[in-house]
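**Student:** Attaching a predicted model along with its sequence, questions to come.
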Amino acid sequence: MTPQEPQRLSPSLLARKILCVAYVPKPFGEEDRFRFQILHAFSMIKVIARHLRSGYRLTDIERRGNGYRIDLLFEAISTGRKRLDEVKSSRTIREVHRIQAALYATLPRHTNVDEIAVSNKETDEVLSSDFIERVQRQVQLTRQLIISDPMGAAIRYTPHEDCCYTCGNTACPFQVQTAAQRSEKA
């Protein structure tokens, strides 16, 4: 694997690199991609409906940027507060999802957003400003490591349940371990 330029990493990849800097995404087949898109669309419909019932107006959907896509932008009808919402098809909101959503706070076109949330079919979780600030510090440290020691970063394995199941880094000793654990459970 060739180390990617840290400024070019998408928020979804950078979120995983914050948790394990040696993370490499597994290939995503067309069948899996199609299945994911269906689940994601269903989750988006649920999130939109829940927000509309709660007094929000949908102002934008799937706003694209350089290597990323913001799922939903809402505005509270009564207060005018703007909410950026990262929608996940997962049953549970994971740490990596929160980190990814927090990364959107620093994008220049989202400086006028009042709050950032991560949602799934069941719930919405608004991120605290403290959490977003902690993520911003972690981003700086992660980028600095990737820039200053790209080869060292590529072998700095940190097992994390939000990363290992989607990691394709075959050199990682934890990947072998997690594959063995999966076969034991089967």
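**Tutor:** The structure has been received and is ready for your questions.

**Student:** Locate the residue nearest in space to the middle of the chain within the secondary structure: which element?
**Tutor:** Residue closest to the average C-alpha location in the chain (C-alpha atoms, centre = their mean): Gln100, at 3.1 Å. Using DSSP states H and E, Gln100 sits within helix 95-103.

**Student:** Not counting that helix itself, show me its contacts.
**Tutor:** 11-12, 14-16, 18-19, 84, 86, 88, 90, 116-118, 125, 127, 131-132, 135-136, 138-139, 160, 162-163 (C-beta atoms under 8 Å, 6 or more residues apart in numbering). (Glycine included, C-beta is placed from N, CA and C.)

**Student:** May I have the phi/psi pair for Arg156?
**Tutor:** phi -90, psi 80 (degrees, to the nearest 10).

**Student:** what's the weakest-modelled helix or strand in this protein?
**Tutor:** Ranking every helix and strand in the chain by mean pLDDT, DSSP states H and E puts helix 173-185 at the bottom, with a mean of 62.

**Student:** picking up where we left off before, among the contacts of helix 95-103, which are located in helices?
**Tutor:** Judged by DSSP state H, the subset of the contacts of helix 95-103 located in helices is 11-12, 14-16, 18-19, 131-132, 135-136, 138-139.

**Student:** Just give me the closest of the residues you listed to Leu72.
**Tutor:** Pro11 (15.0 Å; C-beta to C-beta).

**Student:** mind checking pLDDT for the closest one?
**Tutor:** On pLDDT, Pro11 comes in at 89.

**Student:** what does the one 3 residues further on give?
**Tutor:** In the predicted model, Leu14 carries a pLDDT score of 94.

**Student:** next one: the longest helix anywhere in the chain to chain centre, how far?
**Tutor:** Secondary structure of the chain per DSSP H: the longest helix is helix 30-53. Centroid separation between helix 30-53 and its chain, computed with C-alpha atoms, centre = their mean, to the nearest Å, is 15 Å.

**Student:** helices and strands around that helix, which ones?
**Tutor:** Counting contacts by 3 or more C-beta pairs under 8 Å, 6 or more residues apart in numbering; DSSP states H and E, helix 30-53 packs against strand 56-65, strand 68-76, strand 82-87, strand 115-119, strand 124-126.
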